[in-house]
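A.B. asks: pasting a predicted model and its sequence here:
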Amino acid sequence: IIQLVSSSNHSLALTNKGAIFSWGSNDSGQCGLKTNEEKIWIPTKISTFSGILSSSESIIQIKAGYAHSLALTSKGSLYS
């Protein structure tokens with residue numbers, strides 16, 4: 001884990017390989033997981049980036065807000 005962030009509702013962890021794990025409140029979808037569960041009790045990998053990022057691009061920074069999450073890539077793209 002190279003970065004760990006949290007809001008009052010949920011948390012995110014970024015690994016050295018650019019993977020993001022999320023857990024906590026998900027009532028607004030802020031965990032970034034494809035589920036309607038309101039609470040995520042176990043850190044779960046966000047798979048959304050698998051088909052989006054090129055092989056030369058990785059997630060380098062994450063942020064957690066009250067009802068949102070942000071991910072910044074090595075090429076300057078910002079995802080929410």
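C.D. replies: Great, that's in hand. Remember, predicted model here, so these are calculated numbers, not experimental data. Residues are numbered from 1 along each chain as shown.
A.B. asks: what's the nearest residue to the spatially most central residue of the chain if we skip its chain neighbours?
C.D. replies: The centroid of the chain falls nearest to residue 20 when counting by C-alpha atoms, centre = their mean (4.7 Å). Counting by C-beta to C-beta, 6 or more residues apart in numbering, the nearest residue to residue 20 once its immediate chain neighbours are dropped is residue 46, at 4.6 Å. In this view, the C-beta of every residue, glycine as well, is placed from N, C-alpha and C.
A.B. asks: quick check, pLDDT for the one you found.
C.D. replies: The model reports residue 46 with a pLDDT of 94.
A.B. asks: what's around it, how many residues?
C.D. replies: Look at residue 46: counted by other C-beta atoms under 10 Å, it has 20 neighbours.
A.B. asks: need the contact list for the residue in the chain sticking out farthest from the centre.
C.D. replies: Here the chain reaches farthest from its C-alpha mean at residue 56, the gap being 19.0 Å by C-alpha atoms, centre = their mean. Contacts for residue 56 (C-beta atoms under 8 Å, 6 or more residues apart in numbering) come out as 74-75.
A.B. asks: how near is it to residue 18?
C.D. replies: Residue 56 is 12 Å from residue 18, where distance means C-beta to C-beta, to the nearest Å.
A.B. asks: leaving out sequence neighbours, find the closest residue to residue 42.
C.D. replies: Nearest residue to residue 42, sequence neighbours excluded (C-beta to C-beta, 6+ apart): residue 23, at 6.3 Å.
A.B. asks: neighbours of residue 21, how many?
C.D. replies: If we define neighbours as other C-beta under 10 Å, then residue 21 has 20 of them.
A.B. asks: with residue 19 instead?
C.D. replies: Around residue 19 there are 16 residues (other C-beta under 10 Å).
A.B. asks: and for residue 14?
C.D. replies: 20.
A.B. asks: same deal with residue 76?
C.D. replies: With other C-beta under 10 Å as criterion, residue 76 counts 8.
A.B. asks: which helix or which strand is home to it?
C.D. replies: Counting by DSSP states H and E, no helix or strand carries residue 76.
A.B. asks: I am finished for the moment; much appreciated.
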